[in-house]
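**Q** Okay, here's the prediction I keep looking at, along with the sequence it came from:
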Amino acid sequence: MSFWGSLIESPSIPIYDYHLRNMRKRLVECKRSRVFKYVYDNWLKDYKEMFVFAWTDKRRNFGNRTTNRVESQHANLKRYVEDRSSLDRIVGCVRDIVETQFGEIRKTFRESIEKTMKHHKHPMFQHLLGKVSHKALDLLHGEAIRRLDVLERFNSSCGCQMWLRYIRMYEPGLTGSTIW
């Protein structure tokens, strides 16, 4: 299974060929050449372009590599549609499902913007509150924590050189001014 996973997740065709040779070699060594023949003849030879990353990543898929979301929505639609429903009824069901889901998405997004988490009340986030999601604020908060950890590990020294100029200050009781 690990050879299969590596083969499927191959990011390029040369790497796919490399993993294919490794899988074949391993299955032949284990006296399972019939397994390789079956997998190759029934899946890889004709259908690899449909599920191997080397090919699927060349198409705009927004990172979706499975049909689970489509299958889930199909099952959802089947709950609403009765046997021998008219096209008009099916279209109405699809519209109702989409409107319901859109309402739920808007509600959760609104809650995410309106509700302020304790760690988001930092002054650094004041201009972002109510304008970006909690996820975005969490990412920024995590980055700020990581930066502080780095500074603490290096004794609050970032390696930068800070240039200061001399300031003349008048102190009562002293003649003239003092350079700081």
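**A** Cool, got the structure. Numbering: from 1, shown residues only.
**Q** Which stretches in the protein count as helices?
**A** Defined through DSSP state H, the helices belonging to the chain, from first to last, are 2-8, 13-29, 33-39, 45-51, 53-56, 68-80, 87-114, 134-153.
**Q** What are the buried residues along the fourth one?
**A** Applying a neighbour-count criterion of 16 or more other C-beta atoms under 10 Å, the buried positions in helix 45-51 are residue 48. The way it works is simple: take the backbone N, C-alpha and C, and place the C-beta from them, glycine included.
**Q** With just CA atoms, put that helix into PDB.
**A** Output of helix 45-51 as PDB, limited to C-alpha atoms (Å, rounded to 0.1, in the frame of the first residue of the first chain):
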ATOM      1  CA  LYS A  45      -2.700   1.800 -18.200                       C
ATOM      2  CA  ASP A  46      -5.900   3.500 -19.100                       C
ATOM      3  CA  TYR A  47      -7.000   5.600 -16.100                       C
ATOM      4  CA  LYS A  48      -3.800   7.000 -14.400                       C
ATOM      5  CA  GLU A  49      -4.500  10.500 -15.900                       C
ATOM      6  CA  MET A  50      -7.700  10.600 -13.700                       C
ATOM      7  CA  PHE A  51      -6.100  10.000 -10.300                       C
END
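**Q** helices and strands around it, which ones?
**A** Other elements packing on helix 45-51 under the criterion 3 or more C-beta pairs under 8 Å, 6 or more residues apart in numbering; DSSP states H and E are helix 53-56.
**Q** State the mean pLDDT of the helix it packs on.
**A** The average of the pLDDT scores along helix 53-56 is 87.
**Q** Next: stretch 60-67.
**A** Averaging pLDDT residue by residue across stretch 60-67 gives 67.
**Q** Ok, stretch 7-14 next?
**A** When pLDDT is averaged along stretch 7-14, the result is 91.
**Q** Only alpha carbons, please: show it as PDB.
**A** Listed in PDB are the C-alpha atoms of stretch 7-14, where the atom choice follows Å, rounded to 0.1, in the frame of the first residue of the first chain:
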ATOM      1  CA  LEU A   7       2.800   6.100  -7.000                       C
ATOM      2  CA  ILE A   8      -0.500   7.900  -6.800                       C
ATOM      3  CA  GLU A   9       1.100  11.000  -5.200                       C
ATOM      4  CA  SER A  10       3.900  11.300  -7.700                       C
ATOM      5  CA  PRO A  11       4.200  15.000  -8.600                       C
ATOM      6  CA  SER A  12       5.700  14.400 -12.000                       C
ATOM      7  CA  ILE A  13       5.800  11.800 -14.800                       C
ATOM      8  CA  PRO A  14       9.500  10.800 -14.200                       C
END
